[in-house]
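Asks: here is a sequence together with a model predicted from it:
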Amino acid sequence: MSRLFWCVVPAAGRGARVGGDIPKQYLPLAGKPLIVHTLERLSAHPLIAGLMIVLGAKDEHWPTVDQLNGKPVLTTIGGAERCDSVLAGLRALLAGVADDDFVLVHDAARPCVRREDISRLIELAVPAGGGLLGAPLRDTLKRANADGRSQATEPRDQRWRAFTPQIFRRAELSAALLAASAAGVTVSDEAMAMERAGFAPLLVEGAEDNIKVTTAADFALAEFLLPRTV
Ligand code: C5P
């Protein structure tokens, strides 16, 4: 496959779960801000043409990177929810990215994504009309009640955890995100917006160490994983 793909990286979240004043994507991980690891990894992939980073309106921490591995790194301003930020990123892409072109979306907080998983996602999901990395659920899933007691056991069959990157056509994803937003539905990932729009995104199994760094403990885990997941 010779086509190249742009990647939108939503990074406008404040990462309240980690605590502190600095958004989690700018906290240090192995000597560099978390987001820089993610961007280095994405830009190193031979099928990625450039990165569109979506920043918070009052972001004071962005390290002002404008190219990485020879690829352009552009920025725009995001919105209140992740889906607003992704939509802003899709809108800000250059006119050279056609409506029908596939665009990747990857969380700033997933620095350990493997090159081979990005390659497999592109190889399998593009001919399928779009898809996402994920992994089948391996643990038993419980439904909790308000007291934190297990109330029921949910079926595990055919249940997947959704990761990023996710890859969809620029215009179809924009329309799906807009439709969800107009209906007052806050989608938690791009695939959810596409499902609502009648698509069935392809689930491509990826490594489970593509973790979303969320808690303080995840930083230690990500530091361990980084050199082991290239
Ligand atoms: O908060 P959570 O970890 O689910 O966020 C996933 C990704 O979406 C992060 O990279 C975060 O910065 C981004 N995000 C965003 N705009 C928001 C909320 C989250 O770009 N309003």
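Replies: Arrived safely, thanks for sending. Residues are numbered from 1 along each chain as shown.

Asks: surely residue 91 is in a helix?
Replies: Yes: counting by DSSP: H, G, I helix; E, B strand; the rest coil, one finds residue 91 located in a helix.

Asks: need the pLDDT of it.
Replies: Looking at residue 91, its pLDDT stands at 98.

Asks: helix, strand or coil for residue 61?
Replies: coil.

Asks: so for the residue lying closest to it once chain neighbours are set aside, what's the pLDDT?
Replies: Nearest non-adjacent residue to residue 61, counting by CB to CB, 6 or more residues apart in numbering: residue 26, 4.0 Å away. C-beta: built from backbone N, CA, C; applies to glycine. Residue 26 is assigned a pLDDT of 94 by the prediction.

Asks: pull up the pairing partners for the lengthiest strand in the chain, direction included.
Replies: In the chain, taking DSSP state E as the definition, the longest strand is strand 160-169. Looking at strand 160-169 with DSSP bridges, its partner strands are strand 102-105 (antiparallel), strand 131-136 (antiparallel).

Asks: now do the same contact list for the residue nearest to residue 61.
Replies: For residue 26, the contact set (CB atoms under 8 Å, 6 or more residues apart in numbering) comprises 33-35, 61-62.

Asks: likewise for residue 175?
Replies: Taking CB under 8 Å, 6+ apart, one finds residue 197 in contact with residue 175.

Asks: mind redoing it with 6 Å?
Replies: Shown in contact with residue 175 (CB atoms under 6 Å, 6 or more residues apart in numbering): no residues.

Asks: and residue 41, by the same measure?
Replies: Residue 41 touches nothing, counting by CB under 6 Å, 6+ apart.

Asks: so it sits in a helix?
Replies: Yes: under three-state DSSP, residue 41 sits within a helix.

Asks: re the thing from before, winner for burial among the strands paired with strand 160-169?
Replies: strand 102-105 (a mean of 25; mean count of other CB atoms under 10 Å).

Asks: report whether that one contacts the ligand.
Replies: No: interface with the ligand: strand 102-105 contributes nothing (CB under 6 Å from any ligand atom), its closest point being 9.3 Å away.
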